[in-house]
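Enquirer: Got a sequence here, can you model it:
(chains A, B, C and D)
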Amino acid sequence: MITIDLTDQPIDVPAALQLVQADGAGAVNTFIGTVRNKSTGRPVVRLEYEAYDSMALHQLRKVATQAQELWPMLENVVVVHRKGTLQIGDVAVIVAVSTPHRAESFAACQYIIDTLKQVVTIWKKEFYEDGDVWVAAHP
Amino acid sequence: MITIDLTDQPIDVPAALQLVQADGAGAVNTFIGTVRNKSTGRPVVRLEYEAYDSMALHQLRKVATQAQELWPMLENVVVVHRKGTLQIGDVAVIVAVSTPHRAESFAACQYIIDTLKQVVTIWKKEFYEDGDVWVAAHP
Amino acid sequence: MNLKIALFGIAKEIVGQSVLEVNAPNDQPVQQLLEQLRAQYPALGQLSSLAVAVNNEYATDTQLLHERDEIALIPPVAGG
Amino acid sequence: MNLKIALFGIAKEIVGQSVLEVNAPNDQPVQQLLEQLRAQYPALGQLSSLAVAVNNEYATDTQLLHERDEIALIPPVAGG
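Expert: As a prediction, this is how the structure comes out:
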């Protein structure tokens, strides 16, 4: 089962973990990305995520489906991404996968977060004391 | 910060995730091991974990410390292992680590769970409809 | 034909609006649209990457655009 | 000397008790204790592995045992 969400509300981590569990899957790997208090050494005060919603949801589902093709033993996949304004420590993204054995849970979860960062149409603006930057926009 | 626990009470997953978070760490990787409804194809009805407590706690802390030496950017490590009788779907173990960047969170978490399984003095008995087995006891 | 192009992130800031209407010859390939936009908004040419999405999929440079496509300009993404 | 050996898991089941008291010569190495126990309880010899822990650390075969050590027999672990 694949569950995908893009939300401007705080991500409910326990709910995501509940959703991913399966009686046939003994291993659950979860990646949680939170807002750090600095970026390349510069203090961050807050973040804003903007999304192209329909494409982001479509691409997230595609990445999860690809993971299920690559690891057919994958039971459940949950991916929830936050958008809007986030403060330090807020959860920006959660990826959770369940598999019968643990090695595949690590590999599939890492594949999903790595691919998500390459293809999912979400943009991040970091705000500092003295300015702001669209992350990764310029070489 | 390293937090280690061995408990005969249900593992509080949200509390563990709360403990591992750090404002300087944008990446949290978590491995959760749950009781599967089958083992090598055989239906499992419940599990029992027995521990040599003092040594298990000592070895768990040692594994976590080794991980911090291998990945000096590791912020927090939380490892909680359950003991006693567990039912299908119950959480047997949680390993959670936080790091500034994500690749290290996956590597450190996987190192800890892999090493835990080799050295930590915990024994698992699987109960089936028609018998029981100490897991890994015999070749 | 008339193309409506959705803009996001820094591309929206550079162009100064969230949807851009562009008049283009029928069956224009993606590559030509990108060239036209970079000529009109030179700051787009300074981005690390700039892709075009058609109906929620990344388009290739040679893909032909049609009036009823949902088209978007995709500056470097930074989710996660 | 008198050694008290803590037993766990299948080793406890094989021996039928959770602590075993063994009389051994002073400074007995780990290897000899294991041989003695395997001779006394042949089922221990059929396990995938059998280690000895001294004061919460895995002991080497040549390590010498002392009366006040906390000694335990460690059958194959299966945590996680």
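Enquirer: Report whether the worst-scoring helix or strand of chain A on mean pLDDT contacts chain C.
Expert: The helix or strand with the lowest mean pLDDT-type score in chain A, counting by mean pLDDT, DSSP states H and E, is strand A:38-39 (a mean of 86). No. Contact check for strand A:38-39 against chain C, using Cβ under 8 Å from any Cβ of the partner chain: none in range, with a minimum separation of 10.9 Å. All C-beta spots, glycine's among them, are computed from the backbone N, C-alpha and C.
Enquirer: Repeat that for stretch A:97-114.
Expert: Yes. On the criterion Cβ under 8 Å from any Cβ, stretch A:97-114 is in touch with chain C at A:I113.
Enquirer: Buried residues of that stretch, list them for me.
Expert: Of all the residues in stretch A:97-114, those buried under the rule 16 or more other Cβ atoms under 10 Å in any protein chain shown are A:97-100, A:102, A:104-114.
Enquirer: neighbours around residue 65, how many?
Expert: Since you didn't name a chain, this refers to chain A. The criterion is other Cβ atoms under 10 Å in any protein chain shown. On that basis, A:T65 has 12 neighbouring residues.
Enquirer: sorry, should have said chain C
Expert: Residues contacting C:L65 under the criterion other Cβ under 10 Å number 23.
Enquirer: which residue packs closest to it, ignoring adjacent ones?
Expert: Spatial nearest neighbour of C:L65, chain neighbours left out: C:Q28 (5.2 Å); criterion: Cβ to Cβ, 6 or more residues apart in numbering or on different chains.
Enquirer: Equivalent analysis for A:Y52, please.
Expert: A:T121 (3.9 Å).
Enquirer: related to what we said a few turns ago, taking the buried residues of stretch A:97-114 one by one, which sit in helices?
Expert: Secondary structure defined by DSSP state H assigns A:R102, A:E104, A:S105, A:F106, A:A107, A:A108, A:C109, A:Q110, A:Y111, A:I112, A:I113, A:D114 of these to helices.
Enquirer: I'd like the distance from the closest residue to the third one other than its chain neighbours to B:Q87, if you could.
Expert: So the one you mean is A:S105. What sits nearest to A:S105 in space, not counting adjacent residues and going by Cβ to Cβ, 6+ apart, is A:N29, at 3.7 Å. Look at A:N29 and B:Q87: by Cβ to Cβ, to the nearest Å, they are 22 Å apart.
Enquirer: Of those two, which one has the most company?
Expert: Taking neighbours as other Cβ under 10 Å, A:N29 and B:Q87 compare with A:N29 leading, 29 against 10.
Enquirer: The helix or strand harbouring that one versus strand B:27-34: what angle between them?
Expert: Remark: A:N29 resides in strand A:27-34, with elements defined by DSSP states H and E. For the pair strand A:27-34 and strand B:27-34, the angle between their directions (axes from the mean of the first three to the mean of the last three Cα atoms, to 10 degrees) equals 160 degrees.
Enquirer: quick one, what contacts the residue of chain A found nearest chain D?
Expert: Among residues of chain A, the one nearest chain D by Cβ to the nearest Cβ turns out to be A:R102. It sits 7.8 Å away. A:R102 makes contact with A:G26, A:A27, A:N29, B:F31, B:G33, B:Q110, B:I113, D:G80 under the criterion Cβ atoms under 8 Å, 6 or more residues apart in numbering or on different chains.
Enquirer: Tell me if I'm right that the last one and B:A92 touch.
Expert: Read that as D:G80. Yes. Taking contact to mean Cβ atoms under 8 Å, the distance of 6.9 Å between D:G80 and B:A92 places them in contact.
Enquirer: Grab the nearest non-local neighbour of the residue nearest the centre of chain A.
Expert: Nearest residue to the geometric centre of chain A (Cα atoms, centre = their mean): A:V93, 3.4 Å. Spatially, and ignoring its direct neighbours in sequence, A:V93 is nearest to A:G33 (4.3 Å; Cβ to Cβ, 6+ apart).
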